[in-house]
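Q: coords below, sequence missing:
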């Protein structure tokens, strides 16, 4: 099976056998364009090319026999939207999950938030529904060319299968990010769509992750090395794929996914929505009887790059940041450089608070990592307020950030629970490859197969009791910072340039 994970900064591809063993893997970088403040987009042609090139890499560099590939499945970014015209041509750039140009449309949806949270599972934010309204209201000439609104992974899969717009699809693991969705019923909130006078026929058909949507076309076969006719399955949202790939299915299990965004998620054995804080978003899991609730810090991984931190320098700062706590650690960082996503506050940005002449780059680096842990503590409290019985034996850490021992230790210390790292670096491609295998009939029981593939924990970062009092104080200061900076940042955004 081939699993493809279309991330924000790279596309990752792996070939997995029926025992869950990774036979080959490759990745290709992708460009995230940031032409203006809070405007983020990607070129659909470049995203498509990155997938085909990475597939060609794994097939040729590792001498994989394409005739043995039983299927391919793609997972991808969740809160942004792609669009296609009648011939499956991209009609807009990929409107990224980081993009906040639809702020006015978010405010238009806010009066309906109680209904939206209960039906879709998520609070109103800069995601599918607001972006749909944006393109209709702000870009009417472009909007007239749009036939269907889909996910970027579906755009690539459909193009590989040479689909036309009538076959546009979206699997139901993405529904929580659409304010016009009815997640529990795996459908749409048609009355609310009518309220905004939107066209129902621009929505894609809803499918299951393992549904076959087509086959590799002859043109794609010649450029990628795949065989024409290779089955393509619908795939799923990237977080859903990552959770599936861990093989952990106990309700209350916590997951930390540290990538371009930093996500804290917990599994649910029933549908539940965060109607109290309007912070957590609830989604369908790939396993039909399961759901998960999560919140995230947008662009957390991107922040380090924007500050000019190279991988080499991060490695040096990682070692220097493990020193004993001192007065220099009393430094706070506000990580919402592109606005706050959970809960939605577009006026938020970044800030250091407590900075003095004694602080150096190591202190700033550590404060950036700690800010994510403080946000996780807020998310964890929301979960507890939803009466979710959190499993205290440990949080499973995934993504590139899981490789940072300092980051894992900070999260363990702030949250007061162990942080466990699995040896599987790419749980997303593993999970979505499993979906392809299930769709192809290789695995009858997807859940049991994921459990059978489960790998033992590689390492555990235990909370340090000696730091409990310090981090309790820092969390309190962090919350005060959020409350007191809110009006300042709002005033800052309203300053006229005229």
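A: Arrived safely. All values derive from a computational prediction rather than experimental measurement.

Q: what pLDDT does residue 425 get?
A: Here, the pLDDT recorded for residue 425 equals 64.

Q: before we move on, what about residue 57?
A: 96.

Q: over to the one 10 residues further on?
A: Among the per-residue scores, residue 67 holds a pLDDT of 95.

Q: heads up, I number from 383, so please use that
A: Shifting the count to begin at 383 puts that one at residue 449.

Q: now do the SS call for it.
A: helix (DSSP: H, G, I helix; E, B strand; the rest coil).

Q: surely it is in contact with residue 609?
A: Yes - Residue 449 lies in contact with residue 609 (CB atoms under 8 Å); the separation is 6.1 Å. All C-beta atoms are positioned from the backbone trio N, CA, C, and that covers glycine.

Q: those two: which is more packed in?
A: Remark: of residue 449 and residue 609, residue 609 carries more neighbours, 15 against 9, as counted by other CB atoms under 10 Å.

Q: quick check: that one touching residue 448?
A: Yes - between residue 609 and residue 448 there is a contact under CB under 8 Å: 4.8 Å.

Q: now do the helices in the stretch 583-732 of the chain.
A: 600-606, 620-628, 682-688, 693-702 (DSSP state H, counting those that start in this stretch).

Q: report all helices and strands that the helix or strand bottoming out on mean pLDDT in the chain contacts.
A: One helix or strand of the chain scores below all others by mean pLDDT, DSSP states H and E: helix 682-688, with a mean of 77. Counting contacts by 3 or more CB pairs under 8 Å, 6 or more residues apart in numbering; DSSP states H and E, helix 682-688 is packed against helix 743-767.

Q: what angle do the helix it packs on and helix 693-702 make?
A: When axes from the mean of the first three to the mean of the last three CA atoms, to 10 degrees is applied, the directions of helix 743-767 and helix 693-702 differ by 80 degrees.

Q: what is the mean pLDDT for helix 743-767?
A: Helix 743-767 comes out at a mean pLDDT of 95.

Q: next one: it to chain centre, how far?
A: Mean-position distance between helix 743-767 and its chain equals 18 Å (CA atoms, centre = their mean, to the nearest Å).

Q: beyond that helix, next helix or strand please.
A: Next along the chain after helix 743-767, taking DSSP states H and E as the criterion, comes strand 777-780.

Q: any idea of the mean pLDDT in that following strand?
A: The pLDDT scores in strand 777-780 average 95.

Q: in space, what's closest to residue 657 - neighbours in sequence excluded?
A: residue 499 (5.5 Å; CB to CB, 6 or more residues apart in numbering).

Q: I'd like to know which elements the host helix or strand of that neighbour is packed against.
A: Residue 499 is part of helix 495-502 when elements are defined by DSSP H and E. The contact analysis (3+ CB pairs under 8 Å, 6+ apart) places helix 495-502 against strand 563-564, helix 572-577.

Q: return the most buried member of those.
A: strand 563-564 (a mean of 23; mean count of other CB atoms under 10 Å).

Q: by contact count, what packs against it?
A: helix 495-502, strand 569-570.

Q: show the average pLDDT along that strand.
A: Here the average pLDDT along strand 563-564 is 96.

Q: ditto for stretch 698-708
A: Rounded mean pLDDT across stretch 698-708 is 83.

Q: now the helix holding residue 499: buried residues?
A: Using 16 or more other CB atoms under 10 Å as the test for burial, helix 495-502 gives 495, 498, 499, 501, 502.

Q: over to stretch 388-399?
A: 388, 389, 390, 392, 393, 394, 395, 396, 397, 398.

Q: mind checking how far the third one is from residue 683?
A: In this structure, residue 390 and residue 683 are 8 Å apart, going by CB to CB, to the nearest Å.

Q: please identify every residue contacting each of these two.
A: Shared contacts of residue 390 and residue 683, defined by CB atoms under 8 Å, 6 or more residues apart in numbering, are found at 641, 642, 643.

Q: rewinding a little: let's have the helices and strands packed on helix 495-502 in a markdown table, adding distance to residue 770.
A: Shown next, in a markdown table, are the helices and strands packed on helix 495-502 (distance: least, CB to CB, whole Å):
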| stretch | distance to residue 770 |
| --- | --- |
| strand 563-564 | 22 |
| helix 572-577 | 27 |
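
Q: could you list everything residue 649 pairs with in the sheet?
A: Residue 649 has these beta-bridge partners by DSSP bridges: residue 674.

Q: verify the stated contact: it with residue 625.
A: Yes - with contact defined as CB under 8 Å, residue 649 counts as touching residue 625 (7.2 Å).

Q: out of these two, which sits in the more crowded spot?
A: When neighbours are counted by other CB under 10 Å, residue 625 comes out ahead of the other of residue 649 and residue 625, with 33 against 22.

Q: from residue 724, how far off is that one?
A: 18 Å.

Q: ok, now residue 432?
A: Residue 432 is 28 Å from residue 724, by CB to CB.

Q: how about the buried residues of helix 495-502 in JSON lines, adding distance to residue 705?
A: Shown next, in JSON lines, are those (distance: CB to CB, whole Å):
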{"residue": "495", "distance to residue 705": "45"}
{"residue": "498", "distance to residue 705": "46"}
{"residue": "499", "distance to residue 705": "43"}
{"residue": "501", "distance to residue 705": "49"}
{"residue": "502", "distance to residue 705": "45"}
